[in-house]
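Asks: Provide a 3D model corresponding to the input given below.
(chains A and B)
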Amino acid sequence: MMNSPEDTRSTAIAIEGLRVRRGRVDVLQGLDLHVPRGQVVGLLGPSGCGKTTLMRAIVGVQKVKGGTVSVLGQPAGSAALRHRVGYVTQAASVYDDLTIRQNLDYFRRVLGAARADVDSAIAATDLQEHAGRLVSSLSGGERSRVSLAAALLGSPDLLVLDEPTVGLDPLLRVELWGLFHRLADAGTSLLVSSHVMDEASRCDRLILMREGAVLADATPEELLAETGAADAEGAFLALLRRRHARHALPEADDAATEDAAAEDAAAEETNEADATEPANGIDRDHQHDHRAAHQEEAR
Amino acid sequence: MNPTRVFATAGRVLNQIRHDPRTIGLLLVVPALLIGLVAWIFTDTPVFATIGPAILALFPFIVMFLVTSITTLRERRTGTLERLLSMPLGRGDFILGYTIAFGLIAVVQALIASAYALWVCGLDVKGDPWLLVAVAVTDAVLGSTLGLFASAFARTEFQVVQFMPLLVFPQILLGGIFFPRDQLPSGLKEISDWLPLSHAVDALNAVATNSHDAAYIGGQLLIIGAFALGAVVLGALTLQRRTA
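Replies: Numbers count the residues shown, from 1 in each chain, chains lettered A, B, ... in the order given. As a prediction, the model looks like this:
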């Protein structure tokens, strides 16, 4: 890899020019990203922005078209990493027709982890009372905790968690974020995705994603200071506006709707003319959304 | 290939089935019931004596094909396979674990079906009845491995069920159960030589009539085993760590 040994020690994930195509859609088009070790890094962005695809590429289960993904100093998906990276998919990937303990015990044996790991994973996710119950009888939140518990087995160096706190009650969410920080303090690197912006403040570092591109990569404080916004949601909007300054519509113009429609139509024509240039496609979509956000505010 | 992971996987699959008593019941009882039905239909005719042995191979083969293909497809769809493939589980560990688990169920199923055919339906077998069981088990394992293979080409449960008529029906039609293979038109006869079920039916008929020695039956079993092994290897090849 191109990283110097020093980089490798401080970097959990290094991505250069990652391109992923799923079906006919270019989900990621030359994405660069560096995730430091030992921190809780939040990956935020609307549903469908490529968070899951990015995470799959990091874990090494995604076919990629180009670029390099290096995890803990090794190419993503290499055999040596399979013991060191824990992955929680968005839908709970556990067996419905096994008990919690049977699920964890199976994954433990596949990982070759210690027997005691099962109990500590159950305790960490607060599932002690249910350990003997079939997963099919659990609620959605409980199931996703089982899925998380499975990823904790074998104490991986990197945890990649795709929306692990969806559907959890607020108290438990706070507890899980506490767990994430305890793990990070002990040296684990965590990449946690969410589409809930209010979880942003709980992260050591934030990556804002949209339409397959990284909009921002900073600490929450830096992000707020730089955009002058009060919260992550505001910062996200401010960044979107800034990014599309060249197409920007007047900030508070009630009559903008018709003009914007006309502008859009014009933009669409130009884009169709240079369909070979991929960036245009994104810009067009951005402009639509920008307008939607703008109208929202105008109301 | 790692024995711990193979047996962990086999144990996990069996544990899953253990939590589903209805499936166990269906797996173990349905083939025997169907054999009983065939025997009943052909009461007072010599037909059951002729096709009975072949039927013994057929039902375990079909049932195991369906069960295995749907279970593995479910694993692909629920994301558990993706999780396992991001772990140190080898593709061979996965396939072999499944084959062992369903192979064990196939043994029990074949024992029950054979016992029912011999003792309840009065199937007349001139050769060693244990050879009958051996062929039925090998056949059920073949059904499992073909099911594993088929599940790789299906995206949905609807699709995977369609593979049953595609992969299984031609083997039934050409296998010599309904029509002797040596009387098939040329072309079809040669095709049927290359279908694994034909060899199972030949072996079962050989046991029933005691027309061949155990070496011949062993040879037929080896052929079926080779097909099963081929399906396992192909199934493992179709299992990709990285998907689109």
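Asks: tally of neighbours for residue 200?
Replies: Let's take chain A. 20 (other C-beta atoms under 10 Å in any protein chain shown). No exception for glycine: its C-beta is placed from N, CA and C like everyone else's.
Asks: actually chain B
Replies: 31.
Asks: buried sites along the helix or strand it falls within?
Replies: Per DSSP states H and E: B:A200 is located in helix B:196-209. Within helix B:196-209, the residues scored as buried using 16 or more other C-beta atoms under 10 Å in any protein chain shown are B:196-208.
Asks: Send me it as PDB with only the CA atoms.
Replies: C-alpha atoms of helix B:196-209 as PDB (Å, rounded to 0.1, in the frame of the first residue of the first chain):
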ATOM      1  CA  PRO B 196     -27.200 -39.600 -11.700                       C
ATOM      2  CA  LEU B 197     -30.700 -40.700 -10.900                       C
ATOM      3  CA  SER B 198     -30.600 -43.400 -13.600                       C
ATOM      4  CA  HIS B 199     -27.700 -45.000 -11.800                       C
ATOM      5  CA  ALA B 200     -29.600 -44.900  -8.500                       C
ATOM      6  CA  VAL B 201     -32.600 -46.600 -10.100                       C
ATOM      7  CA  ASP B 202     -30.300 -49.200 -11.800                       C
ATOM      8  CA  ALA B 203     -28.700 -50.000  -8.400                       C
ATOM      9  CA  LEU B 204     -32.000 -50.300  -6.600                       C
ATOM     10  CA  ASN B 205     -33.500 -52.600  -9.300                       C
ATOM     11  CA  ALA B 206     -30.300 -54.700  -9.100                       C
ATOM     12  CA  VAL B 207     -30.800 -55.100  -5.300                       C
ATOM     13  CA  ALA B 208     -34.400 -55.900  -5.600                       C
ATOM     14  CA  THR B 209     -33.900 -58.600  -8.200                       C
END
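Asks: ok, and what's touching it?
Replies: Contacts with helix B:196-209, where a contact means C-beta atoms under 8 Å, 6 or more residues apart in numbering or on different chains, come from B:49, B:52-54, B:56-58, B:61, B:123-129, B:131-132, B:135-136, B:138-139, B:142, B:171-172, B:174-177, B:181, B:192, B:211-212, B:216-217, B:220-221, B:223-224, B:227-228.
Asks: can you give me how far the very next helix or strand once past it is from the chain middle?
Replies: Proceeding N to C from helix B:196-209, the next assigned helix or strand is helix B:214-238, under DSSP H and E. Its chain's average C-alpha position is 11 Å from that of helix B:214-238, according to C-alpha atoms, centre = their mean, to the nearest Å.
Asks: list the helices and strands helix B:214-238 packs on?
Replies: Identification of packing neighbours for helix B:214-238 by 3 or more C-beta pairs under 8 Å, 6 or more residues apart in numbering or on different chains; DSSP states H and E yields helix B:91-115, helix B:129-151, helix B:196-209.
Asks: Let me see the domain layout of chain A.
Replies: Domain assignment for chain A by automatic domain parsing gives A:35-60+A:73-227, A:244-298.
Asks: Contacts only, for B:P129.
Replies: B:P129 neighbours (C-beta under 8 Å, 6+ apart): B:114, B:118, B:207.
Asks: how close does it sit to B:A203?
Replies: Here the criterion is C-beta to C-beta, to the nearest Å. By it, B:P129 lies 13 Å from B:A203.
Asks: Equivalent analysis for B:D20, please.
Replies: 32 Å.
Asks: And for A:V35?
Replies: Distance from A:V35 to B:A203, by C-beta to C-beta: 59 Å.
Asks: Taking the stretch 101-250 of chain A, what residue is nearest to chain B?
Replies: The nearest approach of the stretch 101-250 of chain A to chain B comes at A:R109, 3.8 Å away (C-beta to the nearest C-beta).
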